[in-house]
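# Only the shape, not the letters, is given here:
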């Protein structure tokens, strides 16, 4: 086909993909073409604007390496990651809501006994975390694998400070599905904003902050693995999380407790967090 114009080119491109052998790939490409062409028609970019868009995507790719994925950050800050998560986790009533995994999960966290301290070398306030792991139907899940990780008192993850002690661990729920451990209080922190995504946030008047939270990934036989956060009640960024990950059911008090009342008998102030998780059955 020749002499294509702004009215005819979209169908010509779709026709060119019509013989794609894989039906799913064909459907994805055709939808991409329709929506991308529709976007260009709506925005009507100048050549300079289009070149700037290409330069932005190129710079985003250049920021990616084995420790940083700028395209995931772009997906996060545009709300796409949470949209994909929502589509893939339509949960039954009673199941704990999911959120994005985030860029700081690592395999091979040290496995600790229940009641152990995750981050003894850090100076943040001590916090006791406890709860239960159940199925969405209410049955306790003994032996569930519970991975946890979070930021330090300055808003950094251990992978961002290689010299830092780990702030991650793995636990297993007891015979009644219960778990408990000590750690340090996380704090709000900015997503990496020294690259093109950070420039995008600044140029659109957005901040890069995430509210304080603990990450949990919980796995049990016969159930879908749960990836979620528990957010600190009262955090100033709950309603403007830069990656759109906050859900009301995941907000809990990181409660200040009086000295001398800690479960381990220690003196001094401490905080407590209680949350019970419910996993969706794996059909």
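That came in fine, so what should we check first? Because the structure is predicted, anything quoted here is derived from the model rather than measured.
# from here on, contacts and neighbour counts on C-alpha atoms
OK.
# Residue 43: what's it in contact with?
Contacts for residue 43 (Cα atoms under 8 Å, 6 or more residues apart in numbering) come out as none.
# wait, what's in contact with the most centrally placed residue in the chain?
By Cα atoms, centre = their mean, the chain has its centre lying nearest to residue 100, at 2.8 Å. Residue 100 makes contacts with 81-82, 85, 227-228, 245, as judged by Cα under 8 Å, 6+ apart.
# Redo these as CSV? Include neighbour count.
Output for these, formatted as CSV (neighbours: other Cα atoms under 10 Å):
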residue, neighbour count
81, 21
82, 21
85, 16
227, 19
228, 25
245, 25
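# gap between the two ends of stretch 159-170?
17 Å (Cα to Cα, to the nearest Å).
# Repeat that for stretch 205-219.
39 Å.
# buried ones in it?
Residues 207-219 are the ones in stretch 205-219 that count as buried (16 or more other Cα atoms under 10 Å).
# Return the subset of these lying in strands.
If you go by DSSP state E, these have 209-210, 213-219 in strands.
# Helices of the chain, residue ranges please.
For the chain, the helices defined by DSSP state H cover 9-16, 23-43, 47-62, 70-77, 80-88, 196-203.
# Among the ones you listed, show me which one is buried the most.
The highest mean neighbour count among the helices of the chain, using mean count of other Cα atoms under 10 Å, belongs to helix 70-77: a mean of 20.
# roughly how far out does that helix sit from the chain middle?
11 Å (Cα atoms, centre = their mean, to the nearest Å).
# swap in stretch 273-283?
17 Å.
# And the contacts of it?
91-92, 94-96, 127-138, 222-226, 252-255.
# Repeat the analysis, applying 7 Å as the threshold.
91-92, 94-96, 128-136, 222-224, 226, 253-255 (Cα atoms under 7 Å, 6 or more residues apart in numbering).
# for the helices of the chain, which one sits closest to residue 264?
Residue 264 lies closest to helix 80-88 among the helices of the chain, at 37.8 Å (Cα to Cα).
# tell me which strands and helices the closest one is in contact with?
Here helix 80-88 touches no other helix or strand, going by 3 or more Cα pairs under 7 Å, 6 or more residues apart in numbering; DSSP states H and E.
# mean confidence score for it?
The average pLDDT within helix 80-88 is 96.
# hang on, the earlier thing: pull out the buried members of the contacts of stretch 273-283.
Using 16+ other Cα under 10 Å as the burial test, the contacts of stretch 273-283 include 91, 95-96, 128-136, 223-224, 226, 253-254 as buried.
# the strands in the stretch 101-250 of the chain, which residues?
Chain-ordered strands for the stretch 101-250 of the chain, with DSSP state E, counting those that start in this stretch as the definition, fall at 126-135, 145-150, 168-172, 178-184, 189-190, 209-210, 213-219, 226-232.
# wait, which of those is closest to residue 77?
Among the strands of the stretch 101-250 of the chain, the nearest to residue 77 by Cα to Cα is strand 209-210 (10.6 Å).
# before we move on, back to that, including distance to residue 71, could the contacts of residue 100 go into a markdown table?
Listed next are these as a markdown table, based on distance: Cα to Cα, whole Å:
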| residue | distance to residue 71 |
| --- | --- |
| 81 | 11 |
| 82 | 14 |
| 85 | 16 |
| 227 | 20 |
| 228 | 21 |
| 245 | 17 |
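# which among those residues gets closest to residue 268?
residue 228 (30.3 Å).
# which residues touch the closest one?
Residue 228 makes contact with 97-100, 215-217, according to Cα under 7 Å, 6+ apart.
# and it, bridged to which residues?
Residue 228 forms beta bridges with residue 216, as assigned by DSSP bridges.
# Kindly reformat the buried residues of stretch 205-219 as JSON lines containing pLDDT and distance to residue 161.
Listed next are these as JSON lines, based on pLDDT from 0 to 100; distance: Cα to Cα, whole Å:
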{"residue": "207", "pLDDT": "98", "distance to residue 161": "23"}
{"residue": "208", "pLDDT": "97", "distance to residue 161": "19"}
{"residue": "209", "pLDDT": "97", "distance to residue 161": "19"}
{"residue": "210", "pLDDT": "97", "distance to residue 161": "18"}
{"residue": "211", "pLDDT": "97", "distance to residue 161": "20"}
{"residue": "212", "pLDDT": "97", "distance to residue 161": "18"}
{"residue": "213", "pLDDT": "97", "distance to residue 161": "19"}
{"residue": "214", "pLDDT": "97", "distance to residue 161": "18"}
{"residue": "215", "pLDDT": "97", "distance to residue 161": "18"}
{"residue": "216", "pLDDT": "98", "distance to residue 161": "21"}
{"residue": "217", "pLDDT": "98", "distance to residue 161": "22"}
{"residue": "218", "pLDDT": "98", "distance to residue 161": "25"}
{"residue": "219", "pLDDT": "98", "distance to residue 161": "28"}
